[in-house]
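K.L.:
Attaching a predicted model along with its sequence, questions to come.
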Amino acid sequence: MADHRKDVVQGTLDLLVLRIIAAQPMHGWGVMQRLRNLTDDVFQVTPGSLFPALRRLEENGWASGSWGVSENNRKARYYAITKAGQKQLASERQYWKSITTAVEKVLEGA
Amino acid sequence: MRRLWFRLQAMLRRVLDGGASDEELNEEIRTFIEQDTESRIRSGMPPEDARRAALIELGGAEQVKDRVREERAGAQWESIFREIRYALRSLGQARGFSFSVIGSLSLGLAATIVAFAFINGALLRPFPGVRDQDRLVTLGIQENSPLGPRTLRTAMADYPDVFRALGEGMTSLEDLASFTESDVAVTLPQPRSLPAAFVSPNYFDVLGVRPEIGRTFAPEEGRAESSVAIISHGLWTGEFGRDPSVVGRRIQVGRQTFEIIGVSPQGFQGTTQSPGEMGVDVWLPIALVDVVGDPSSSGDRFVFLNQRPGERAIRYVGRMRDGVRVDRVEAELGGIARRTVVFKDVPVERVRVEVSGLSRLGEADAAGIAAILLPVPFLVLVIGCVNAANLFLVRASRRGREIALRLALGASRSRLVRQLVIESLVLALGAALLALPLAWLGLQMLAAFMIPMPLDGTVVAGALVTAFLTALGFGLVPAFQATGQQPSAALGTSPAGSGGTRSQTRVRRALVAGQVALSLGLLATGFQLTSALESLAEPPGTDPDRLLLASFDLAQLRFSSAESDAFYAALVDGASKLPGVEAAGLSSRDLARGWTFDVANAVRLDAGNGPVRGVSVSGSAGGDYFKVLGLDLLRGREFVAADRREMPGVAIVTERLSSQIFDGAALGRSLHVSTGFRDAPEADLQIVGVVESPVGLSGEKVSAIFFPTPFPSPVQHGTARTLHIRSEGPAATLAPAIRRLVAQLDPQVPILKIATLDQTIRAGMLLQRMLARAAALLGIVALLLASIGLYGVTSYSVATRAREIAVRMAVGARTGQVVAMVLRQALAVALIGCALGGVAAIAAGLLIQAEVFGVAGIDVATFGGSVALLAVAMILASILPARRAARLDPYAVLREE
């Protein structure tokens, strides 16, 4: 596909997915679409990494999956953020901010 | 902490849910594809293209699933569990395959475990209670005589000098002990005949054996006036209930009273025990051997041609000093033997010495048994492995398509290999679990060898490793073979197209042919042995269960010949008067031993002639001996009381001997009998009677000479006498009455053994019978396995040639032709195996028969029977797939293509 699409920066996929489902419970395909829309198709996430990421979040207790009915009346597995997930999101966000600020400082100040 | 809890919960949930989670994952991925497809259709893509794009987007369902699974809590363990579950399920579907593999491997394993336990117990295990056995040596001194090496025999009068010469001269030894073995009559208070060792006082110290309770012999207790005894742990347990106060108690040995001073440690029964033999139960001072020991016993199981009365085989065992090697001891002993007169009237240059480490391997009998016993389990293990390998190969080829399919769907090679490995391991584990109880059963069967056979941990571990390596080896080769191929290739050339490569097919057939050969080898050998032993167990012309045999050896009690005569006369007389007794007689020959040729004596027409071949010098006959045996007197007379004291004596011969040597006119002629060695008694015997010939083992009439009994005898036939009783009903019921009679006559006389001929023969051949039965049993198992193997290969061949067969049938081949074609191929394999196995069986038959019976011959009937049985099994195994081939619907097969 197009070369402007980038892989999600290593290690940030979990943070992004967590942020997306924090807004509202979402199924796998929805998360993927949302991620594309939000990044204007810059970030490309494949099901091969998305589904493991969802599973990872669930295993860590940050997200919880449950079966629901999609917009098109289809049975789909929805992921919602848990309390622990919100805490994790906040701290990850904090961490990300400090990183980006630091990186920016270097790039600007050099 | 909290995370851990979540992960734990997730893991638990998954374990409890079993496969549910996998189902959910499938569902989730399906949903994804549908959602993606729909969204593309909405944006204007044609439905076909939309679906394909969605699938491309997904990038392989299998890979996604794999990656998700790896994220799971305890993913490693869980995936192993899952694969074990999967393996169990797929093995459960191939039940025949699984059972055959587990069955054949476990049988081979069990056989190997038992064989190793036996070898360990009988040959390798150190003697219990002995300290630093590797520093103990046995000293052998022999005379090179024209009749073969003759072990040093010493008259007890010369023994102290010989022992002193050896003991003082051997500087390489810390200490030297001597012993000689003999059975003794012990009154406990029931009279029993027990194996005893007469030992030098330092015997226990040299071996380093500490008594369980009490003490061992003191240095001064080697003299004849020391009436002290040490008993075995087994005797202490069995006769004295482990009563510690046994020390100090008195027991009667022979006609002398001994004080028990100690009990040997558990398991120690001397250092000469062979499998199937009783170990030493009583230890006595060596100087007493001529007082209470068996006067005829020389410490050997056989009477040797060159043995002179009063000489005993005295054995020497020494403990080497630190750092001394066996060859130095041997050199030193050689020097002493050349300087000192150890053999009376034997030139020193004819003396040769042999020093070897003390071990069970020294007992030739054990080595012989092991030589017979060992190859059989290994054969079964080989069959088991061959069968397993073959089944794995067949299965791998069958699964080629399945594996190719899974590869095409994106499963990784490593995952597939792992799964095949796990399947193999599950099978190996199953085989191992089954092998252990089987091995335990086998060891119970071998309990009759009377040697403890501890199930050694190393042995079990070794066998298990073998199982796993076999399963892994044969499970993995097909795994790589199957996964090494391109999926498209495997899918393209469907299994109906070709039957694998030619070399694969050839290997499979060779494996089956090998199996057929091995199973025929075992089967024919086992059946031949069994039938030969059965004929031994039922001597023609006798009713074995109506003959009761009771053996005595009054020499152990030092009876004078007058006392013996009186005892035996009263015994025969008393026995004939018992109700239910038809006739009673006495002989030095135990009928249970059959009519084998007696090597200790040679029969000549006169002193100048050479010995007459094939004549059984059959010992004495007293009382109604001939009547008991059912042999009629044909000419002349039976023995009378006066015959006993007259030298030269008289003899009765069988009709067969009469016609063989005297053209049927033996009455009044004479024979010369001798042992053929210096100082041996010789006699000219006048023939006073001719009796019917007993029928021997292979149905031949026996040439035999009988002498009057009890004493004296012109030939060597030992001091044991056997009372033969023919009963009206089952003879076993008479045994208690005989025991009472003997106790009345003399409460001190032990009955060495009392049993019907039937029981005696069967007990005497226990070992051979067990071997024969084991071989036959293993042969049947092997036959089953070979049938399964042939069935598998033939089925496989039919499956792979389905298309070819269908084409043949479509162009007009008849059912019979198809069946014939499949059968021809299958039976060709069986035939090759048959030929190889036949040769092996004949060789093994000759070898084993020579070992067990001393004669070799091929029993055509049983051999043919084995071949026939094999042929039936092979035809059955190949006719099933052949019929399946014939029932193929050609149109269905061809349409499938």
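P.N.:
Good, I have the coordinates.

K.L.:
and residue 94, how many residues sit next to it?
P.N.:
No chain in the question, so chain A it is. Neighbourhood size, residue A:94 [other C-beta atoms under 10 Å in any protein chain shown]: 10. Bear in mind the C-beta positions are built from the backbone N, C-alpha and C, glycine included.

K.L.:
should've been chain B
P.N.:
When neighbours are counted by other C-beta under 10 Å, residue B:94 registers 16.

K.L.:
how about the nearest residue to it, chain neighbours excluded?
P.N.:
Residue nearest to residue B:94 in three dimensions, not counting chain neighbours: residue B:395, with 6.7 Å by C-beta to C-beta, 6 or more residues apart in numbering or on different chains.

K.L.:
correct me, but the one you found touches residue B:97?
P.N.:
Yes: Residue B:395 sits in contact with residue B:97 when judged by C-beta atoms under 8 Å, with a separation of 5.6 Å.

K.L.:
Between the two, which has more neighbouring residues?
P.N.:
residue B:395 (23 against 20).

K.L.:
what helix or strand does that one sit in?
P.N.:
helix B:375-398 (DSSP states H and E).

K.L.:
CA atoms only: put the very next helix or strand once past that helix into PDB for me.
P.N.:
Using DSSP H and E, the helix or strand that directly follows helix B:375-398 along the chain is helix B:400-408. Taking only C-alpha atoms (Å, rounded to 0.1, in the frame of the first residue of the first chain), the coordinates of helix B:400-408 have been written out as PDB:
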ATOM      1  CA  GLY B 400       1.100 -35.500   4.400                       C
ATOM      2  CA  ARG B 401      -2.000 -33.800   3.100                       C
ATOM      3  CA  GLU B 402      -3.200 -32.600   6.500                       C
ATOM      4  CA  ILE B 403       0.200 -31.200   7.200                       C
ATOM      5  CA  ALA B 404       0.400 -29.500   3.800                       C
ATOM      6  CA  LEU B 405      -3.000 -28.000   4.400                       C
ATOM      7  CA  ARG B 406      -2.100 -26.600   7.700                       C
ATOM      8  CA  LEU B 407       1.100 -25.200   6.300                       C
ATOM      9  CA  ALA B 408      -0.800 -23.500   3.500                       C
END
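
K.L.:
And helix B:400-408, what does it pack against?
P.N.:
Taking 3 or more C-beta pairs under 8 Å, 6 or more residues apart in numbering or on different chains; DSSP states H and E as the contact definition, the neighbouring helices and strands of helix B:400-408 are helix B:413-445, helix B:457-483, helix B:487-492.

K.L.:
now that helix, how far from the centre of its chain.
P.N.:
48 Å (C-alpha atoms, centre = their mean, to the nearest Å).

K.L.:
can I get the helices and strands packed on helix B:400-408 in CSV with mean neighbour count and distance to chain A?
P.N.:
Formatted as CSV, the entries for the helices and strands packed on helix B:400-408 read as follows, by neighbours: other C-beta atoms under 10 Å in any protein chain shown; distance: least, C-beta to the nearest C-beta, whole Å:
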stretch, mean neighbour count, distance to chain A
helix B:413-445, 19, 16
helix B:457-483, 19, 22
helix B:487-492, 14, 20
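
K.L.:
Name the nearest residue to residue B:818, sequence neighbours excluded.
P.N.:
Using C-beta to C-beta, 6+ apart, the nearest residue to residue B:818 is residue B:886, at 4.8 Å.

K.L.:
low pLDDT regions in chain A?
P.N.:
Residue ranges of chain A with pLDDT under 70: A:1-11, A:110.

K.L.:
residue in it nearest to chain B?
P.N.:
Closest approach of chain A to chain B (C-beta to the nearest C-beta) occurs at residue A:61, with a separation of 3.0 Å.

K.L.:
hang on, isn't that residue packed against residue A:87?
P.N.:
No: taking contacts as C-beta under 8 Å, residue A:61 lies outside contact range of residue A:87: 10.4 Å.

K.L.:
Have a look at those two and say which one is more surrounded.
P.N.:
Each of residue A:61 and residue A:87 has its neighbours counted (other C-beta under 10 Å); residue A:61 has more, 20 against 12.

K.L.:
Show the backbone phi and psi for that one.
P.N.:
Reported as degrees, to the nearest 10, the phi and psi values for residue A:61 are phi 80, psi 20.
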